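1. Sequence and computational prediction follow.
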Amino acid sequence: MTRILAIGEAMVELTHQGPTALSLSYAGDTANTAVYLRRLLGSTGSVDYATAVGDDPYSEGLVERLAEEGLGTRLVWRRIGRRLGLYLVRTDDTGERHFVYYRAGSAATGLFGPGHDPGADAAIASYDMVYLSLITLQILTPVARARLWDVLDNVRAHGGRVVFDGNYRPTGWPNARQARIASEAALRRTDVALPTWSDEQALFGEHSPDDCIDRLRALGVAEGVVKNGPAPCVAFTATDAYHVAPTLVARVVDTTAAGDAFNAAFLAARLQGASLVEAARAGHRLAGSVIQHPGAIVPTALLPPAVPATRHIDSGPSYPRTIHG
């Protein structure tokens, strides 16, 4: 069984159901991916979530929700006197979402900082795969990021793989330069990159997904997918690239978590033996289902069928543990 850990911040999500009506749930980019990945893997893998919560009722509600989804919570730390972050979501007529965040000083912003459990570093290194995003890095202090680099190096030294989504949100960074530095530091420790083209273009000023792939390869990334909204994504290895068209969707309701869902389905398919192209198609299918329903996490019954394992389309590896160095 493959053991996976996602690291990041899950928050209270308040979604507008009208001008004055809100519905409450819990979400966050890495948490969304963790939930969908756990649902898709079934008995072939376990997924844990690493974050920090406060001592408020909403923190307790989040931990209960993670457990209900089958996520392991042994690396969820409680911070006395802290609270969960919160964000509000509005969607426009095209289904595009707009966010307002209240996360300054949230419990998760203290991850890998003062009071960090030193035993957690060894625990993280024992996982087969560790998943994080640029938003994970955004909430950390520079000192905490430096500690995380050591943790990721240790993961790879023990044979685990690091998966990184360059989820760029400009308002969370002092400036773009700091975001670029953090992104590149993470990518040097990344085996599988799952960025979105619009984020990469905004952060690095590249002219095409091919330029993005060239940069990722130069940083040592072995494989990944550059997602591109309704346009074909580009799945790549160190030597090859494949343009994979998305599933057509009749009506977009809410694009929240589309990329997070894509990442989960792609990783689940690869872990279950699918080729790179079939895994990208699985990502498109799940993302296409998610955007037809409101909210980040849709009911399990609405998930598309799992993709069968096929290896004949490309020569990219599935995910055994591999010792680096």
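-> All right, it came through fine.

2. so where do the helices sit in the stretch 101-250 of the chain?
-> Using DSSP state H, counting those that start in this stretch, the helices of the stretch 101-250 of the chain run over 118-125, 134-138, 142-157, 176-187, 197-204, 209-218.

3. Return the most buried member of those.
-> Across the helices of the stretch 101-250 of the chain, averaging neighbours per residue (mean count of other Cβ atoms under 10 Å) puts helix 134-138 on top, at a mean of 24. Quick note: C-beta positions are derived from backbone N, CA and C, even for glycine.

4. Identify the residues contacting that helix?
-> Defining contact as Cβ atoms under 8 Å, 6 or more residues apart in numbering, one finds that helix 134-138 is touched by 7-9, 28-30, 145, 148, 164-169, 172-173, 179, 182-183, 186, 199.

5. Dump the helices of the stretch 101-250 of the chain to CSV, plus mean pLDDT and distance to Ser23.
-> Formatted as CSV, these follow (pLDDT from 0 to 100; distance: least, Cβ to Cβ, whole Å):
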stretch, mean pLDDT, distance to Ser23
helix 118-125, 94, 33
helix 134-138, 98, 22
helix 142-157, 97, 33
helix 176-187, 98, 31
helix 197-204, 97, 27
helix 209-218, 98, 35
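
6. Present these as CSV; the columns should include distance to Gly72.
-> As requested, these are exported to CSV (distance: least, Cβ to Cβ, whole Å):
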stretch, distance to Gly72
helix 118-125, 11
helix 134-138, 18
helix 142-157, 16
helix 176-187, 23
helix 197-204, 29
helix 209-218, 30
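
7. Name the nearest residue to His243, sequence neighbours excluded.
-> Excluding the flanking residues, the one nearest His243 by Cβ to Cβ, 6 or more residues apart in numbering is Pro232, at 4.4 Å.

8. Got phi/psi on the one you found?
-> Phi and psi for Pro232, reported as degrees, to the nearest 10, are phi -60, psi 140.

9. dump the residue contacts of it.
-> Counting by Cβ under 8 Å, 6+ apart, Pro232 makes contact with His243, Val244, Ala245, Pro246.

10. I'd like the residues you listed as a markdown table, with pLDDT, neighbour count and distance to Pro294 appended.
-> Output for the contacts of Pro232, formatted as a markdown table (pLDDT from 0 to 100; neighbours: other Cβ atoms under 10 Å; distance: Cβ to Cβ, whole Å):
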| residue | pLDDT | neighbour count | distance to Pro294 |
| --- | --- | --- | --- |
| His243 | 98 | 14 | 30 |
| Val244 | 98 | 18 | 26 |
| Ala245 | 97 | 12 | 25 |
| Pro246 | 94 | 21 | 20 |
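
11. what about the nearest residue to Glu13 once chain neighbours are set aside, neighbour count?
-> Leaving aside its chain neighbours, Glu13 sits nearest to Ala27 (4.3 Å; criterion: Cβ to Cβ, 6+ apart). Number of residues near Ala27 (other Cβ atoms under 10 Å) recorded here: 22.

12. Check what pLDDT the residue nearest to His243 gets.
-> Looking at Pro232, its pLDDT stands at 97.

13. Next one: it from Asp210, what distance?
-> Distance from Pro232 to Asp210, counting by Cβ to Cβ, to the nearest Å: 12 Å.

14. so the residue nearest to Glu13 touches Leu14, yeah?
-> No - if you go by Cβ atoms under 8 Å, Ala27 and Leu14 don't touch, sitting 10.3 Å apart.

15. Stretch 198-213: how far from the chain's middle?
-> 19 Å (Cα atoms, centre = their mean, to the nearest Å).

16. same check, this time on stretch 280-289
-> 15 Å.

17. number of nearby residues for the residue nearest to Leu203 when sequence neighbours are not counted?
-> Distance criterion Cβ to Cβ, 6+ apart; nearest residue to Leu203, sequence neighbours excluded, is Tyr168 at 4.9 Å. When neighbours are defined as other Cβ under 10 Å, Tyr168 has 24 of them.

18. which outside residues touch the one helix or strand Arg38 maps to?
-> Applying DSSP states H and E as the criterion places Arg38 in helix 29-41. Residues from elsewhere that reach helix 29-41 (Cβ under 8 Å, 6+ apart): 2, 4, 6-10, 45-47, 49, 51, 66, 69-71, 131-133, 135-136, 165, 167, 257, 259-261, 263-265, 267-268, 271-272, 286, 296-297, 300, 303, 306.
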